[in-house]
Structure formats: C-alpha cells, structure tokens
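>>> Task: produce atomic coordinates for the following.
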Amino acid sequence: MTTTTLAALVPLLPFLGAAAGLLLGRTAPGLVRPLAVLPPLASLVLAALVAARQGGGQAITAHAELTPTGSVPIELALYIDGFAALVAILVAFVAACVQIYSTGYLRDDPRYPSYAALVSLFTSAMLLVVYSGDLIVLLVGWEVMGICSYFLVGHYWETPEARAASLKSFLVTKLGDVPFLIGLFALATDAGSFRITRVLGAVAAGNLHHPTVIALLLLAGVAGKSAQFPLHTWLPDAMAGPTPVSALIHAATMVAAGVYFVARLLPVFEASQAAMVVLAVMAAVTMTGSGLAALAQDDIKRVLAYSTIGQLGYMTGALAVGDRGAAVFHLLSHGAFKALLFLAAGVIIHAAGTNSLAAMSRMHGLRDRVPDAYWTMTVALLALAAIPPFSGFFSKESVLGAAEHVVDGHPEHAPFAAGWIVLVAGLLTALLTAAYATRLWLLAFRGRGAEAPDHGRQPLTMTVVLWVLAVPSLAFGGLAYRALPGWFDGRDLTPTLLTSVLGTGLAVVGGLLTYGAWQRTTQLAARVPLGAVAAHPEEDAGLVEAEAIATHAPAYGDIAYAPDPADPARLLLGPLRRHAAAGFHLDAVYAALFVRPVQAGASLVRFLDREVVETYVGGAAALPRLLGAAVRRAQTGNVQTYVSALLAGTVVLAVAVVLVATGA
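I've put the predicted structure just below:
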C-alpha cells in the first residue's frame, strides 16, 4: 500500500467510525464501544507507519483538483512533512486514550453513542487539518472541529452552564474565523493558489503583496481557535463539558490547530515584522495573564484550562521568534502531560461522583482514595512546571532558548523586540506555572476541605490510560530533543545553560513560595474546626481571608461542610486574587463594549419595527378598512333604502343649487 493511501486512511477511519456510530448507536449498542476505540487505534498505527516512511526527510505530497473554480483552484492535496507526521501521531494517540478512558468515565451515560461518534469526528477533522495540503480543505477540518466542540462542550445540555459554554465557545471562535477566512482568500489571491506548497513558494519569491494585512487577519482566527488573548475567554467556560472532551480539546485538537497552522505557514508571518511583534505581544499577555488567573481559580478544570492557555502562549512565543521546531516540540510534549492532567482530574471528579465537586477547596483525603491519579498527576504537574528531567522542561527550555537566541543578536526572520518580549514573559510565566501547579497539588491531595462520599474504585480503563500517558510525560522530552531536529528544521533543541538555570530557578522559587504561603494559611486556618463555616452563603469560608475566618470562627452557629480556607493564593495574590479569579473581568469588558450595545441596538430596532413601522403599515391598512366598512353598511340590499337615499341626495343637490343661484 502506498504512503499516500495510508495517509488518506488516517483521517478517514475515524470519520467512518463516527458515521457508523451514529447510524448503529440505537440499533446495535454493543458495537458502539468498538466503533469508538478501534478507528483511532488503527489511525495511530497508520500514522506511525506514515511517519516511519516519511522519516523526517522530503515532504510527502499528492494532489488532485477537487473542483474547477475558474480562478484559484481548490485541490484535494496532502502535504506531510516532519511536523505533520509527528503531530498526527499525537492526535491519534491522545484520541485513542480519550476514547478508551471514556468507556469507563461515561459508561452509564445514555448519550454515550453520540458522544463517542462526535469525538471520532473531532479526531478526523483535526487529522484532516494536519495532513491537508490545501487551505480550503484545511478550513473544512477547522470548521468541523468548531461544530464538534459546540456539541461536545454542551453534552450536559440539561445544565445552563453547559448550554452557555457551548454557545460561547462557538461564537467566540467564529468571531476569529471571519477575518481568518478573509485572510485565506487574500493569501490565495496573492499566491495564485490555495495549495500550501505554492503559497510557501510565492512567499519565498517575494510575491506576497500584502503580508501584514494577511498575517493579522489569519492571527485573528488563530487567536480564537487556540484561545489566545483577546479571544481566549471561551476556553475556561468550556470546562462545563465532559472531562475527556476537555483532555482531547486541550491536548491534541482544536486549540492545537491554531499553533500548528502558524507553524506550517510561518514564512507568511515572517514576511511581516509587524505581525511577528503582534504575535509576540499576544503570546506574552496570554502567558502572564493566564498564569495569574490559574493561580486564583478554585475549580481544578479551570486551573488546567488557564494552564493550557499559558502553554499555548509559549508555543506562539516560539513562533514569534521564528522557531517552529521549538513550538511543535512543546506542542507534542504538552499534549501528553496535559491529557494526563485532565484525565487524572476526571478520576478525581469520578471518585466524588459528580462534576460539581471539582472545587479544589472542597477536596480532602484524595491521595489515599485515588492513588493512581495522585502519582500520575504528580508526574504531569512536574512536567507542567518544567522541572528536570520531566518532558516539559526540555520543550519549554527550547522555547526560552529560541528567544535567547534572538536576544543574543541572531534574529534571522524575527524582530529583536519579539525576542525580549517572549523571553521576559516566558521566565515570569515559569514562576507562575510552578506556583499554580504546586497550589493545585497541595489543595487537591493535602487539602482540608469536606470529604466527599467514596464511590469506590475507578474502572480499569481509566487508570490504565493514566499510566500510559505518564510514560511520555516523564520520558518524552529527554529522548526527543536530540532526535526531533532531524524531523523539523534542523535547529538545535538542546536546553541552553542560561535559560535552563533561570527557568528552573524561577520554577523552584514559585513552588517554594506557594508551599510557604500554604503552610502560613494552614496555620491560620487551623484555628477553624475542619469544615466549619457559617450556614449563610455570604459567609462562605472559601470567599473570606483565613485571618477573618480564624477571628470569627467561634461565633459561627450552624456548622456545615465548607471549603478549605488554607488557600495560598490569598497570600500570593492579595487584592489581585478576586480580579484574577474573574479572568480580569474581560468578559465584563466585552459585555460593556460589544454585547450591551448590540442588545441596545436590537431593542431599538425592535421598538422602531413594532411602534413605528407597524403603526404606519397598520394605518395604511386601517383607512381602506374603514372605507370598506362604511360602504358595506350602505349595501343593505333594501330597495326602499336605496330610493330614500336617492331622494335625499336629490333634495340636497336641489337645495345646494338654489343656494348657489340665490347667492349669484
């Protein structure tokens, strides 16, 4: 079988699995789980074969004209280089893990067949994006992922949070997709083709006439899809969906698509220095802002969501300094440990028996109850915090090393300013990342919150997946940084001494500061009986400073299970904590600047339509209706009435004539 045929089957098999799952979900429920698990496993095997044949060498290309357009043709094309080959393995690997995990996590869910089919369709769409050699075909996969995310985030549609989150994720990403589509057409117009190889050739030949405009339009779509500032607000709310969906979206699909798109078309962005600086600023604001927000969240999945936003900021930062090898290296590394983090969080939530107990301040005794989640999440958090020798250290240091390379005077295609912006923001984010990772570990596994009911051991399919993902989270970085340059652009991914010392040192400082703050708040909170809080919601211990709780604890009357007051974020962030927990009120800003004016305009239009337009339309109809009613009353059908009216009219006319004559 040819490599092209194998590559075509990689996205096709999950698509066929999704179609079969939707068709047979009700009539043959016993086939649902095999149809969910086997296609992504088969795609994983085929993607590995394709990668082995590609071998990091010459890109595999194939194309056939899909439809004649009369101008710029649309082609069904493949373009598989080293980046595409490895990212496809990541997508298929994480999707297979999520599908296997979901058989246990959603074993009692009545809508599991549609869920599994949508996950397969989601996987197929991302694989289409990865392998596509034509921008329009890529756009098809891009948009299919958007609609899949809408349905999957809203899986628990009975809850208002899920309905609102699914709608928000769809609308915010579509807000970025509109300029993205315009940018694609502008790019194809300049290049004369939608095929990626021809676009890159046109850029190399200097035939791109509007690089800045095109790059900025494309960045709008990337910001929406990859949850970068200012279109990142949908991702934390999307945690209302099932936890395995969160793992898939955050680790290998959807949000990875934007970063991968920029990596594939990086020369287009490098053609504009302004666009590269904008990309660097976007990455810096995203990294630091999400780090502060993650440090203030209470819901474990929202912490991980903001963590994903920040790690994607690292990837876009690497692209801003012109190193797509470092960006994709971190994409691959992040995919493994972020999938592990979410799936381990799912085990914790599953142990509590409900999705509503994801609040870390309400967790207690989980280390002994879910040991598999405890050990594997510890590995993933160390990788997230970039502690050597875990995988996150090597991939994150490759990003910082790329920024340092630009700062040292080797800018190549990247502006000097972009190097400084990414380097400073990356080092600051290293401290914040370690801080919120340490806080998550302390509150989740050593917290003093109320102990939730024990719902027994977790299904084997869930715990096995955790240990499978723990292997690349621990070992991938150390093995890959030497081998990957041959698959990418040949740039060295070895950590540099300066950024390694600075990054690791700041991570250790962040962890120690958080641990010290946790000990301090624990001592203060020890004066409060475990789980004691006022019965009134406004006195919720989770919203009061530890000192205030300790002071007012004796006065509490009704005792109820409460959140753990020993939250180090109170000391670390101080008055900034409330604003960071609300995402710095960016949703409120958007509501004031965009939502309310649009709603006010819609109300004005409705008023004008009902009170003005309908009044005129109603008035125009009322006059003929009144005249018709008057005429209808005169048509009685009585001859005597008609003769009497005729005589009366004759008399009136005669009197009028006499009066006129007399006056004359």
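
>>> Looking at the spatially closest residue to Gly325 that is not a sequence neighbour now. What's its pLDDT?
Of all residues not flanking Gly325 in the chain, Phe488 sits nearest, at 3.6 Å (C-beta to C-beta, 6 or more residues apart in numbering). Bear in mind the C-beta positions are built from the backbone N, C-alpha and C, glycine included. Note on Phe488: pLDDT of 89.

>>> again, but for Gly55
88.

>>> what's the answer for Ala444, then?
87.

>>> Can I get the helix or strand Leu623 falls within as PDB, trimmed to CA atoms?
Assigned by DSSP states H and E, Leu623 belongs to helix 614-634. These are the backbone C-alpha positions of helix 614-634, laid out as PDB (Å, rounded to 0.1, in the frame of the first residue of the first chain):
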ATOM      1  CA  GLU A 614     -46.100  48.600  12.200                       C
ATOM      2  CA  THR A 615     -48.000  51.800  13.000                       C
ATOM      3  CA  TYR A 616     -47.600  53.100   9.500                       C
ATOM      4  CA  VAL A 617     -48.400  49.700   8.000                       C
ATOM      5  CA  GLY A 618     -51.400  49.300  10.300                       C
ATOM      6  CA  GLY A 619     -52.500  52.900   9.500                       C
ATOM      7  CA  ALA A 620     -52.200  52.300   5.700                       C
ATOM      8  CA  ALA A 621     -54.500  49.200   6.100                       C
ATOM      9  CA  ALA A 622     -56.900  50.900   8.500                       C
ATOM     10  CA  LEU A 623     -58.100  53.600   6.200                       C
ATOM     11  CA  PRO A 624     -59.300  51.300   3.400                       C
ATOM     12  CA  ARG A 625     -60.700  49.000   6.000                       C
ATOM     13  CA  LEU A 626     -62.800  51.900   7.400                       C
ATOM     14  CA  LEU A 627     -63.900  53.000   4.000                       C
ATOM     15  CA  GLY A 628     -64.800  49.400   3.200                       C
ATOM     16  CA  ALA A 629     -66.900  49.200   6.400                       C
ATOM     17  CA  ALA A 630     -68.700  52.400   5.500                       C
ATOM     18  CA  VAL A 631     -69.500  51.200   2.000                       C
ATOM     19  CA  ARG A 632     -70.500  47.800   3.300                       C
ATOM     20  CA  ARG A 633     -73.000  49.400   5.700                       C
ATOM     21  CA  ALA A 634     -74.600  51.200   2.700                       C
END
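
>>> can you list the residues that contact that helix?
Defining contact as C-beta atoms under 8 Å, 6 or more residues apart in numbering, one finds that helix 614-634 is touched by Ala645.

>>> After it, heading C-terminal, what element do we hit next?
That would be, after helix 614-634 and using DSSP H and E, helix 639-663.

>>> before we move on, back to that, burial of the residue nearest to Gly325, as a residue count?
21 (other C-beta atoms under 10 Å).

>>> Under the pLDDT cut-off, which ranges of this protein? List them.
Where the chain drops to pLDDT under 70, the residues are 352-357, 411, 449-456, 525-565, 664.

>>> Break down it into its strands, ranges please.
For the chain, the strands defined by DSSP state E cover 60-67, 74-80.

>>> what residue is smack in the middle of the protein?
Centroid-nearest residue in the chain: Leu235, 4.1 Å away (criterion: C-alpha atoms, centre = their mean).

>>> Just give the nearest non-adjacent residue to that one, would you?
Per C-beta to C-beta, 6+ apart, closest to Leu235 is Ala227, 4.0 Å.

>>> From Ser290, how far off is that neighbour?
In this view, Ala227 and Ser290 are 9 Å apart by C-beta to C-beta, to the nearest Å.

>>> got any residues that touch both of the two?
Ile309.

>>> surely Leu502 meets Leu427?
Yes. The pair Leu502 and Leu427 qualifies as a contact (C-beta atoms under 8 Å) at a distance of 5.7 Å.
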